[in-house]
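Undergrad: got a sequence here, can you model it:
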Amino acid sequence: MMDGLILAFVFALGWVPFYIYRAEAVEKALPYYSSSERRWVALSPAVLAAHVALASVLVSIADPPRWRAVLGAALFASGVAFWFWGRAQIGPLRVTRLPDQPPPRLRHDGAFGLVRNPLYLGYLAAAAAPVIVAARPILLATFAACFVTLAVRAAQEERRLHDQLGPPYAEYCRTVKRLIPFVW
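TA: Sure thing, here's the model as predicted:
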């Protein structure tokens, strides 16, 4: 039970840097999005927050075998590290962009060489960790909802990047997978 409490605390607080060092200031960015994008921009953090809240409760009462606790902690740490790797490649952590501002340059190295949306992959890895630890079907369902919302956001952002960067981005999309390395 103690492993569950510690992991619940880590899993809950571990999301704080994702929101502190976001790549965009949501309030400033919302006017630049279409109505459909605005819905998904609002929905994705709500779905992630619901998943994390439920996961924290279920992990705190879980009594996982040591191997699941270690695997979950390692996956969470890997997700956070991958997110920071991708975020650092976008630019300084305290600098945000608006959606209509194209990236300073098209990155296809580092985290962006593995997937086109490394921040979302980091989110997914971190969100998957409590599923492994608590091993509850409801967490698998909320994780699936996280996956869907992030996949939609990734597709929306990529449409914008296609418009901003043109053929070089299209070529990049042909060589690097969207969200799951070497798969999709």
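Undergrad: where does the residue nearest to the spatial centre of the chain sit, in terms of helix or strand?
TA: Central residue of the chain (C-alpha atoms, centre = their mean): Tyr123, 2.4 Å from the mean position. Tyr123 belongs to helix 118-134 when assigned by DSSP states H and E.
Undergrad: tell me the spacing between the residue nearest to the centre of the chain and Pro102.
TA: From Tyr123 across to Pro102, the span is 23 Å (C-beta to C-beta, to the nearest Å). To be clear about C-beta, it is placed using only N, CA and C from the backbone, and glycine gets the same treatment.
Undergrad: over to Ser34?
TA: 17 Å.
Undergrad: now the longest helix that the chain contains, how far from the centre of its chain.
TA: In the chain, taking DSSP state H as the definition, the longest helix is helix 137-165. In terms of C-alpha atoms, centre = their mean, to the nearest Å, the centre of helix 137-165 is found 9 Å from the chain centre.
Undergrad: go on, stretch 93-104?
TA: That offset, for stretch 93-104, works out to 17 Å (C-alpha atoms, centre = their mean).
Undergrad: if we can go back for a sec, okay, the angle between the longest helix of the chain and helix 118-134?
TA: Using axes from the mean of the first three to the mean of the last three C-alpha atoms, to 10 degrees, the interaxial angle of helix 137-165 with respect to helix 118-134 works out to 170 degrees.
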